[in-house]
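J.: when you get a sec, could you give me coordinates for this:
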Amino acid sequence: MGDTLITVIAIALAAVLMFVFPLMTMADRTDDVSQLTVKTATTEFVDNVRTTGKLTLDKYGKFVENISSTGNAYDVEMEIKTLDENPGKKTTQAVSERIGENVYYSTYTSKILDDLNNNGGTKALKEGDIFSVSVKNTNSTMAQQLKNFFYTVTGNDTYTIAAEHAGVVSTTGYAQ
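T.: The predicted structure follows:
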């Protein structure tokens, strides 16, 4: 009886070492590749908008398609901080380039997408605006599921793939 129990334990341990451990390692590598893809796509998307001064529905669609190609679902949050046209009403000699004088107001994802849909698919930004994008996965990846099963490390509301990027728009996108 003792030999049978040891044999069963040895077979179970061998199965874990031969199948589960490599599966967890491959799932972690898949998440690493997805993380790199999302980070790169987010950086390229934000930098493209920053340097052209224009956010288009086409650019946004390609960005979402690019990150979705990893096989995960994502929550994409955008924010545009628009530089106020008249930052220094208090004084007659206001200089908008001085630190502390600039006033920004924010526009978020739902309003940005509404503007894109209502304005022919283009939203022009001006020099000095700040554009930022935050991406987080909403589904549970294979690595998360395996970790939850074996370790109970991650919770239901955590994410493993995320990227953020922001920058100041360097070119006015309005037709002049």
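J.: point me to the residue sitting closest to the centre of the chain.
T.: Val135 (1.8 Å; CA atoms, centre = their mean).
J.: list the buried ones in the worst-scoring helix or strand of the chain on mean pLDDT?
T.: When each helix and strand of the chain is scored by mean pLDDT, DSSP states H and E, helix 142-150 comes last, with a mean of 80. Within helix 142-150, the residues that count as buried by 16 or more other CB atoms under 10 Å are Ala143, Gln144, Lys147. (Each C-beta comes from the backbone N, C-alpha and C, glycine too.)
J.: okay but the second one is in contact with Phe150, surely?
T.: No: counting by CB atoms under 8 Å, no contact exists between Gln144 and Phe150, whose distance comes to 11.3 Å.
J.: before we move on, the earlier item: summarise which helices and strands the least confident helix or strand of the chain is packed against.
T.: With contacts taken as 3 or more CB pairs under 8 Å, 6 or more residues apart in numbering; DSSP states H and E, helix 142-150 sits against helix 21-52.
J.: distance of Glu44 from Gly167?
T.: 12 Å (CB to CB, to the nearest Å).
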